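Colleague: I would like the atomic coordinates for the input below:
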Amino acid sequence: MLQQVAPPKGLEPAKLVSSSCSLQKILQCSCSFHGVPAPSVQWWLEGDILGIDNPQVTSTILAPWSNTTISLTEMPDMSTPLLCEGKNDYGNHAMNIILMSIKSPLATQSFISGLFQGLVYGVIATTVLFLCLIPLIVNHIKRTLSKKIAVIKAEMSPSEPNMALNPEEPGKSTIMLSSGSQRVDTA
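Modeller: You can find the predicted model right below:
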């Protein structure tokens, strides 16, 4: 097993601090490293190292910083690996970038397929939720309508028993039936 030894005081292993890629007319990717001594930087494209004499690569070293940029004028093939690496005597750090061509028909097909699949799943989930809520909605409507019907019947029909709101004697309830002279007292 490889053990990493701490560098002497004042020295630091190479560390990737930032990276970015942008696509305008050309693809540009940049990496910034920090380390003491300043890291050397290099790019690997499809497993091949791009030398410092390559016109696609520009590097600047202002100790303890090392910055490098690669400019690709041709669009890469699908899944082209690009590696940015910085190293010094006390360590190395790299970032692997997988380049995807936006002109690739496979990428467009995958996007459209995923979008369609998401829409279908969304419609299915909404439909299932609605179908689960239908019984609750119907039950609520039935309860509301039955309460309204009971109130209307009570107002229109004098043949139903009327309840006395104030009992004649405290502690006793009196129910008067409107159809006759029957009186029922309850304790």
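
Colleague: just the pLDDT at the spatially most central residue of the chain, thanks.
Modeller: The chain has Gly118 as the residue nearest its centroid, 13.5 Å off, counting by CA atoms, centre = their mean. pLDDT recorded at Gly118 is 88.

Colleague: okay, and it sits in which element?
Modeller: Element membership for Gly118 (DSSP states H and E) is helix 105-156.

Colleague: coming back round to it: quick one: the residue nearest to the centre of the chain from Leu131, how far?
Modeller: 20 Å (CB to CB, to the nearest Å). All C-beta atoms are positioned from the backbone trio N, CA, C, and that covers glycine.

Colleague: for Gly91, same thing?
Modeller: As judged by CB to CB, Gly91 and Leu131 stand 59 Å apart.

Colleague: who has more neighbours, those two?
Modeller: Higher neighbour count among Gly91 and Leu131: Gly91, with 16 against 9, using other CB atoms under 10 Å.

Colleague: show me what contacts the more buried one?
Modeller: With contacts defined as CB atoms under 8 Å, 6 or more residues apart in numbering, Gly91 is in contact with Gln4, Pro7, Pro13, Ala14, Lys15, Gly35.

Colleague: for those, which one is nearest Pro81?
Modeller: Ranked by distance to Pro81 (CB to CB), the contacts of Gly91 are led by Ala14 at 20.2 Å.

Colleague: how close does the closest one get to Gly47?
Modeller: From Ala14 to Gly47 the distance is 21 Å (CB to CB).

Colleague: cool, Thr80 as well?
Modeller: Thr80 is 10 Å from Gly47, where distance means CB to CB.

Colleague: one step back: more crowded one of Ala14 and Gly47?
Modeller: Neighbours were tallied for Ala14 and for Gly47 using other CB under 10 Å; the higher tally belongs to Ala14 (26 against 7).

Colleague: what about the chain, any weak spots by pLDDT?
Modeller: By pLDDT under 70, the low-scoring segments of the chain are 1-5, 52, 78, 100-108, 158-187.

Colleague: longest strand anywhere in this protein?
Modeller: Assignment by DSSP state E gives strand 12-23 as the longest strand of the chain.

Colleague: bridged to Lys87, which residues?
Modeller: Ser40, Asn92 (DSSP bridges).

Colleague: domain parsing for the chain?
Modeller: 12-99, 104-151 (the TED database).

Colleague: no more questions from me, cheers.
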